[in-house]
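1. okay, here's the prediction I keep looking at, along with the sequence it came from:
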Amino acid sequence: MEDMSQYPLELTGDDIPMVRFMNVTKRYGKLTVLDRLNLDVATGEMVTVIGPSGSGKTTVLRMLMTLETINEGVIYVDGKPLTHMEKNGALVPASPKHLRMMRSQIGMCFQHFNLFPHMTALENCMEGPVQVLGMSKQEARKRSEDLLDLVGMIEKKDQHPSRLSGGQQQRVAIARALAMRPKVMLFDEVTSALDPEVIGEVTNVIRDLVDKHNLTMLMVTHQMGFAKDISDRICFFFDGSIEEQGAPDALFGNPQRERTQQFLSAVKEAG
Amino acid sequence: MGFHWKWDFTWEILPRLLEATLNTLIAAGAGYAIAIVLGLVLALAQRTPYRALTFVVREFVEFIRSTPLILQIFFVFYVGPQFGVRMSPWTSGMIAIGLHYSAYLSEVYRGGLNSVGKGQWEACTALNMTPRQAYTRIIIPQAVPPALAGMGNYLVGIFKDTPMLSVIGVAELMHTANAIGSESYRFLEPYTLVGVIFLAISLPAAGFIRVFETYVRRKLGLK
Amino acid sequence: MSLWEFIATYWPDFLKGTGVTAAQFILATMLAIGIALVAGLMKLSHNAVIRGVSVTYIEIFRGTSLLVQLYWIFFVLPLFGVTLDKFTAGFVAVGMNLGAYGAELVRGGIQSVPKGQWEAAYALSMSPAKRMWRIILPQALVNMLPPWGNLLIELLKNTALVSLISVTDLMFVAKQINGSTFLSAQAFGLALIVYYVFARFIVTPFMRWLEGVMRRKLGRA
C-alpha cells in the first residue's frame, strides 16, 4: 500500500497547473504500462503526446478521463485530486460521487467517434447538457447549434451519424464534447480512423480551438506535422515514461535522446 | 380407413375452440409480460460487479433453460400445496411460463447489450452520464433492435407452449380440444382444428415480427 | 421425507424412467438428424416443387405446438391407417418436430460454406453427391454444431412431453410417484436435477467434444 501522505490534499499557489500527474503508475497484471509518471499541463497549454504503440500514451488520456483506474500516484485537476478524495485529512481513493463531480471538467474525443447512432447530430450534442448538466432543452439547443456551427456541421444537425462521413462525425463529436464546457479537452488519435482527404477538416477545427480559445488540451496523434504546428509542448513517451519533452521546434528539430531520434526518423520514413 | 371429416361437427365445435383460443392468447400474453420484465432483471443482474450474485443468477438461468417447461409447470403447481400454498392452475401456469421464458429472454437481452460497442460506454463516461442515464438513453435503445428477433420468436414460442397448461387444467385451446374429444369420441376435427388455429396465428405473427424489427430499426435511426 | 431418503427409496423407478428418456432422446435425435438433412437439402433445391414440400413441412412443424403434433400422431393418425404404439409415436413426434428446426440449421450451415468450395469441387468434376458428401457437408457441419447443441437440449426437454401419452419416461415416473406420495418437491425436484445433469453434463460436453473433433479434422483448431 502506498503512503498517501506524500501527496498534498490539494495544490495551492498562484501558478498551479491545470493537470498534474504525480508519480502515476498503471499496471495490467504484471505489465507496467506507465511507470511513476510526472507530468504537468498548464492552463491553456496544448500538449501533444507521441510515441510508439505500447508506450502508454493513450493510457494517459484514459486515466484522466477516468476510463481507467491508477495503481499508484495521484492525478490533480485544477488543483483538486481527481483519482482520490479527502477523508479525515488524508487522501483515499475517490468514490463514484467524487469522480462524477470531478469528471465534468474533462472532455474527450475518441478515435472511433462513438457518436450515439440513434440520435441526430444535434441530439448528440444536446444529450450531455440536458441530461447531465440539467440545462433546459432550449438553452442546450442554442449552445449545441452554436458549437455545430463552430465545427462547420450546422447544416447537418438533423442527420444521423450513419449519414455522415468519418470527418463529419468526428467534428460532431468535438462539438458534443465542447457542449459540456470542460476545462480540459482530450483528443485520442482523433484522425487515425479517417481517410486522408478528410483529416484536414478535423485538424482545422482543432487548430481553430487552439487559436481562439484558452482550453487546456492533451492530444495523442500520429500527425506529426499538425502536432508541430499547433502544440505548445511535445511529450515523447517510450515504454511507460516520458523519454523527452520540449517545444515542438526543439524536439522535432533537435531531438536529444537516441530513442526520440529513432522514432522520429522511422515516422518520417513512413511518410 | 376410419377417417371421415364431419363438417357439421366442425362448425359446431369451432366457436368453443375460438373462445379457448382467446384464453390461450391471454395466457401467452400474461406469461410473456412477466418474462420480458423478469428477463431484463436477470440480464442486468449478471452485469453487476458482485460476483456472488452474477454466479447465482447465471446458474439459475442455466438450470431453467436446461430443464423441461412441462416439468417446471408441474413443480410449481404441486409444490405449492405441499407446503400449504394454494395456487390456481392459472397462477401456477403463469409463474412457470413467466419464469421459464424470462431465462430465455435474459439471454436475448445479454446478447443485445453485449452487441453495443464499448466505445458507446466510454462516450457516456466522457459526457459524465450516470449509469442509469447511460443505460436508459444510450445503451438499451441500441441493444433492443438486435434483441427484437429473439424476443419475437419467444413470444411465438410461448404461444405454442400454452398447450402444456392443459395438463394442469387451464382451459386453453388444447384442454378444450381434449374435452371435446372425450365428450364426442371424435378427435380428428378438434386436433386438426387446433393445429390449423396455431398455424393461422403463429405464421403471420412470425412475419409481423420481422416487419416490426425493420420498423424499429428505422425509427431509431439505426441501419 | 428428505431428498436423500427419497432417492434411496425410489431410485430404481427413476433409473428406469431415465433409461426410457435416454432411449427416446437417442431415437428422436437420429430421426431429427435424418429429417433435417433431407428437408434442409430439399429446401436448397432448384426445383420449386421439392422446395415447396420441404417448406410446407418445416412451417407446419415449426408453426404448431409439439404437444398438438404428438396428440395428432397418436390419436388421429390411426384414422388414416397408421397406428403407432405410444413409445414410437413419442419419439417420432419429437423427431419430426425438431427435424423441422434442424432443417433450417442444415440449410444455414450449407449456405455458410464459401462459394469457392463448390466451384473447386465442380472443377474437379466431382459428382453432385460426392461433392455434397465429401466437401460441403463436412464444412457445413462444423458451422452447424453450436446451434445443434442448443437444439439437442431442446429435444431432450421435449421428450418429457411423451409422458402425456403415458410413455413411462422420467417425467412419467415423477408424476406417478407424486400421485401416490404427494412428495411433489422431492419427486419433481429430483426429475429436474436429472434432466439438468443430462443436459449440462452429458449432452453439452459431448457436443463441445464433437465440435473439437470436427474442427481438428478440418484443420481449424
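-> Arrived safely, thanks for sending.
2. pull the contacting residues for residue B:104.
-> B:35, B:39, B:65, B:154, B:157 (CB atoms under 8 Å, 6 or more residues apart in numbering or on different chains). Every C-beta, even on glycine, is put in place using the N, C-alpha and C of the backbone.
3. and residue C:155, by the same measure?
-> C:25, C:28, C:29, C:32, C:94, C:98.
4. how much space between it and chain A?
-> According to CB to the nearest CB, to the nearest Å, residue C:155 and chain A sit 39 Å apart.
5. that residue sits in which helix or strand?
-> Element membership of residue C:155 [criterion: DSSP states H and E] is helix C:137-158.
6. what's the average pLDDT for that helix?
-> Across helix C:137-158, pLDDT averages out at 88.
7. what comes up buried for it?
-> C:137, C:139-145, C:148-149, C:151-158 (16 or more other CB atoms under 10 Å in any protein chain shown).
8. again with stretch A:144-159
-> A:144, A:145, A:147, A:148, A:150, A:151, A:152, A:153, A:154, A:156, A:157, A:159.
9. same thing with stretch C:103-113?
-> Across stretch C:103-113, burial judged by 16+ other CB under 10 Å covers C:103, C:104, C:105, C:106, C:107, C:109, C:110, C:113.
10. then stretch A:184-198?
-> Here stretch A:184-198 shows A:184, A:185, A:186, A:187, A:188, A:189, A:190, A:191, A:194, A:198 as buried, counting by 16+ other CB under 10 Å.
11. swap in stretch A:4-24?
-> A:4, A:7, A:9, A:11, A:16, A:17, A:18, A:19, A:20, A:21, A:22, A:24.
12. how about the residues you listed, which pair is most distant?
-> A:4 and A:18 (22.3 Å; CB to CB).
13. against which helices or strands is the strand or helix carrying residue B:38 packed?
-> Per DSSP H and E: residue B:38 is located in helix B:7-45. Using 3 or more CB pairs under 8 Å, 6 or more residues apart in numbering or on different chains; DSSP states H and E as the contact test, the elements touching helix B:7-45 are helix B:51-66, helix B:89-114, helix B:140-161, helix B:173-184, helix B:188-219.
14. now do that helix: distance to the chain's middle.
-> 9 Å (CA atoms, centre = their mean, to the nearest Å).
15. list the buried residues in that helix.
-> B:10, B:13, B:17, B:20-21, B:23-24, B:27-28, B:30-32, B:34-36, B:38-40, B:42-45.
16. kindly report the same for stretch C:4-14.
-> Buried, per 16+ other CB under 10 Å, within stretch C:4-14: C:6, C:10, C:13, C:14.
17. now render those as a markdown table, adding secondary structure.
-> Shown next, in a markdown table, are those (DSSP: H, G, I helix; E, B strand; the rest coil):
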| residue | secondary structure |
| --- | --- |
| C:6 | helix |
| C:10 | helix |
| C:13 | helix |
| C:14 | helix |
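18. among the contacts of residue C:155, which ones are in helices?
-> C:25, C:28, C:29, C:32, C:94, C:98 (DSSP state H).
19. what sits against the second one?
-> Applying CB under 8 Å, 6+ apart to residue C:28 gives the contacts C:90, C:91, C:92, C:94, C:95, C:98, C:155, C:158, C:159.
20. quick one: which of those residues is nearest residue B:97?
-> Looking across the contacts of residue C:28 and measuring by CB to CB, the closest to residue B:97 is residue C:158, at 15.6 Å.
21. tell me where chain C has helices.
-> C:3-43, C:48-63, C:66-71, C:86-111, C:115-123, C:128-130, C:137-158, C:170-181, C:184-198, C:204-217.
22. and the ones you listed: which comes nearest residue A:217?
-> That would be helix C:137-158 among the helices of chain C, by CB to CB, at 47.7 Å.
23. please list all residues in contact with residue B:127.
-> A:127, A:128, A:132, A:176, A:177, A:180 are the contacts of residue B:127 under CB under 8 Å, 6+ apart.
24. which one (most neighbours) among those residues?
-> residue A:176 (32 neighbours; other CB atoms under 10 Å in any protein chain shown).
25. who's in contact with that residue?
-> Contacts for residue A:176 (CB under 8 Å, 6+ apart) come out as A:115, A:124, A:125, A:127, A:128, B:127.
26. reformat those residues as JSON lines; add secondary structure and pLDDT.
-> Conversion of those to JSON lines gives the following (DSSP: H, G, I helix; E, B strand; the rest coil; pLDDT from 0 to 100):
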{"residue": "A:115", "secondary structure": "coil", "pLDDT": "93"}
{"residue": "A:124", "secondary structure": "helix", "pLDDT": "94"}
{"residue": "A:125", "secondary structure": "helix", "pLDDT": "95"}
{"residue": "A:127", "secondary structure": "helix", "pLDDT": "93"}
{"residue": "A:128", "secondary structure": "helix", "pLDDT": "92"}
{"residue": "B:127", "secondary structure": "coil", "pLDDT": "95"}
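27. list just the nearest of those residues to residue B:115.
-> residue A:115 (16.9 Å).
28. interface residues of chain A facing chain B?
-> A:65-67, A:100, A:103-104, A:106-108, A:110, A:112-120, A:127-128, A:131-132, A:160, A:162, A:176-177, A:180 (CB under 8 Å from any CB of the partner chain).
29. narrow the residues you listed to just the buried residues.
-> A:65-67, A:100, A:103-104, A:106-108, A:110, A:112-120, A:127-128, A:131-132, A:160, A:176-177, A:180.
30. okay, and which of those map to helices?
-> A:100, A:103, A:127, A:128, A:131, A:176, A:177.
31. circling back: just the ones of the buried residues of stretch A:144-159 in helices?
-> Those of these lying in helices (DSSP H): A:144, A:145, A:147, A:148, A:150.
32. thought residue A:127 was touching the first one, still the case?
-> No: with contacts defined as CB atoms under 8 Å, residue A:144 does not count as touching residue A:127, sitting 9.1 Å away.
33. just list the residues touching residue C:151, thanks.
-> Here residue C:151 is in contact with C:32, C:98, C:101, C:102, C:105 (CB under 8 Å, 6+ apart).
34. tell me which of the residues you listed is nearest to chain B?
-> Distances from chain B to the contacts of residue C:151, taken as CB to the nearest CB, are shortest for residue C:101 (11.1 Å).
35. follow-up on the earlier one: closest to residue A:51 out of the helices of chain C?
-> Comparing the helices of chain C by CB to CB, helix C:204-217 comes nearest, at 40.0 Å.
36. against which helices or strands is the closest one packed?
-> Partner elements for helix C:204-217 (3+ CB pairs under 8 Å, 6+ apart): helix C:137-158.
37. so how far is the helix it packs on off the chain centroid?
-> Going by CA atoms, centre = their mean, where helix C:137-158 is centred and where its chain is centred differ by 9 Å.
38. check stretch C:166-180 too.
-> Offset of stretch C:166-180 from its chain centre (CA atoms, centre = their mean): 22 Å.
39. could I get the buried residues of stretch A:184-198 as TSV with pLDDT, distance to residue B:169 and secondary structure?
-> Output for the buried residues of stretch A:184-198, formatted as TSV (pLDDT from 0 to 100; distance: CB to CB, whole Å; DSSP: H, G, I helix; E, B strand; the rest coil):
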residue	pLDDT	distance to residue B:169	secondary structure
A:184	95	68	strand
A:185	95	67	strand
A:186	96	65	strand
A:187	96	67	strand
A:188	94	63	strand
A:189	94	65	coil
A:190	94	65	coil
A:191	92	68	coil
A:194	93	66	coil
A:198	91	68	helix
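40. mind listing the strands whichever strand or helix holds residue A:34 pairs with, and their directions?
-> In this assignment (DSSP H and E), residue A:34 forms part of strand A:31-41. Paired with strand A:31-41 in the same sheet, following DSSP bridges, are strand A:19-28 (antiparallel).
41. buried sites along the helix or strand of chain C with the lowest mean pLDDT?
-> Of all helical and strand segments in chain C, the minimum by mean pLDDT, DSSP states H and E falls on helix C:128-130, at a mean of 79. Buried residues in helix C:128-130, counted by 16+ other CB under 10 Å: none are found.
42. related to what we said a few turns ago, ok, so of the ones in helices among the buried ones among the residues of chain A next to chain B, who is nearest chain C?
-> residue A:127 (38.1 Å).
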